[in-house]
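S.K.: Dropping the sequence and predicted coords here.
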Amino acid sequence: MKRKYAFLIFGIALSTCSARTVTDELGRVVMVPEHPHRIICLLPSVVDDVFALGAGADVVAVTDFTKYPAEAKTRPSVGLPLSPSMEIILTLHPDLVLGTGDLNTSETIGELEKLGIAVFLVAPHGVEGIYHSIASLGRALNRDESARELIGRLREREAAIRRRVSGKPVVSILMPVWCDPIVTIGKHAFITELIDIAGGRSVTRDLAQEWPQVSLEAVLAWAPEGLLLVKGSKMPVEQIRERPGWTSLPAIKNNRIYYVDDRIEIPSPVAFDALEELARQLHP
């Protein structure tokens, strides 16, 4: 193993002869290759960002749970985002590893850096955070122009949705992530912001926690007009209807159930697909 590590570090040293320094979103100064060509992405949202920037051909591996874009699923996985396999990473000889400061552990990052592997981290929070991370990755990948163009397209999609729902009745929404206990989205979950843009209003938007636990009494007091559920989740509406108290909600009485797929949970360009789908449902 030591010989393998030494070989990897020697190869990285050669590949970084033409390198530059960039600052990631955690304020870390990172030396990256001038043109990275062996990229490993440690989070599905980062995978989607990189492919959207036109650098998908340079991605040699992703992590488990990667679904978007479909092409990315053909790449080998290095394991879970929280605990990727260092052994697999080493065999792929990456010249740049991309991850997030929220989900990739400091132990993983530290071990990679000890081996001389460049690690660049983003930390997207909210829709503006998605734009910011795309710009940051554009700098890391030397694709600034692609990043500007992508951000421009996404901002126009956001603006078009805002224009379309402007002046229309705002639908109060509850998004139950789980029912026992009741877990939902709070102020700092970017899904809350997506609901606002789509012409809705999360009834839990003022709760400080990102994923707060709430009581049934609070849900009944909020009396949401609609429920937002993720397609294919383990909590179908049939199960919700069977729970005591829920049938008295206006959303259940009027059968105003809105469905989006799991793209709404990914802070990357695919979230805008889910956003457009949600806006069409709230305001056909």
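M.R.: In hand now; what should we look at?
S.K.: Any chance you could list what contacts stretch 235-250?
M.R.: 174, 176-180, 216, 219-220, 223-225, 227, 229, 252-253, 256-257 (Cβ atoms under 8 Å, 6 or more residues apart in numbering). Using the backbone N, CA and C atoms, a C-beta is placed for each residue, glycine as well.
S.K.: Quick one: buried ones out of the residues you listed?
M.R.: Leu174, Pro176, Val177, Cys179, Val219, Pro224, Glu225, Leu227, Leu229, Ile252, Arg256, Ile257 (16 or more other Cβ atoms under 10 Å).
S.K.: Adding pLDDT, distance to Leu275 and secondary structure, write those residues out as CSV.
M.R.: Shown next, in CSV, are the buried ones among the contacts of stretch 235-250 (pLDDT from 0 to 100; distance: Cβ to Cβ, whole Å; DSSP: H, G, I helix; E, B strand; the rest coil):
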residue, pLDDT, distance to Leu275, secondary structure
Leu174, 97, 18, strand
Pro176, 93, 20, coil
Val177, 90, 18, coil
Cys179, 83, 25, strand
Val219, 95, 24, helix
Pro224, 97, 19, coil
Glu225, 97, 19, coil
Leu227, 96, 18, strand
Leu229, 94, 16, strand
Ile252, 94, 25, helix
Arg256, 95, 19, coil
Ile257, 95, 18, strand
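S.K.: Looking at those, which is nearest Leu278?
M.R.: Proximity of these to Leu278 (Cβ to Cβ) peaks at Leu229, which lies at 11.3 Å.
S.K.: Name whatever forms a beta bridge with the closest one.
M.R.: Residues in a beta bridge with Leu229, per DSSP bridges, are Tyr259.
S.K.: Was I right to think it contacts Tyr259?
M.R.: Yes: assessed by Cβ atoms under 8 Å, Leu229 is found in contact with Tyr259 at 5.5 Å.
S.K.: For the helix or strand hosting Arg157, output the C-alpha coordinates as PDB.
M.R.: Applying DSSP states H and E as the criterion places Arg157 in helix 144-165. Extracted C-alpha coordinates of helix 144-165, given in PDB (Å, rounded to 0.1, in the frame of the first residue of the first chain):
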ATOM      1  CA  ASP A 144     -15.600  30.200 -16.000                       C
ATOM      2  CA  GLU A 145     -17.400  31.000 -19.200                       C
ATOM      3  CA  SER A 146     -19.400  27.800 -19.000                       C
ATOM      4  CA  ALA A 147     -20.400  28.600 -15.500                       C
ATOM      5  CA  ARG A 148     -21.500  32.100 -16.400                       C
ATOM      6  CA  GLU A 149     -23.600  30.800 -19.300                       C
ATOM      7  CA  LEU A 150     -25.200  28.000 -17.100                       C
ATOM      8  CA  ILE A 151     -26.000  30.500 -14.300                       C
ATOM      9  CA  GLY A 152     -27.600  32.800 -16.800                       C
ATOM     10  CA  ARG A 153     -29.800  30.100 -18.200                       C
ATOM     11  CA  LEU A 154     -30.900  29.000 -14.700                       C
ATOM     12  CA  ARG A 155     -31.600  32.500 -13.600                       C
ATOM     13  CA  GLU A 156     -33.800  33.000 -16.600                       C
ATOM     14  CA  ARG A 157     -35.700  29.900 -15.800                       C
ATOM     15  CA  GLU A 158     -36.200  31.100 -12.200                       C
ATOM     16  CA  ALA A 159     -37.300  34.500 -13.500                       C
ATOM     17  CA  ALA A 160     -39.800  33.000 -15.900                       C
ATOM     18  CA  ILE A 161     -41.400  31.000 -13.100                       C
ATOM     19  CA  ARG A 162     -41.600  34.100 -10.900                       C
ATOM     20  CA  ARG A 163     -43.300  36.000 -13.700                       C
ATOM     21  CA  ARG A 164     -45.800  33.200 -14.500                       C
ATOM     22  CA  VAL A 165     -47.000  32.900 -10.900                       C
END
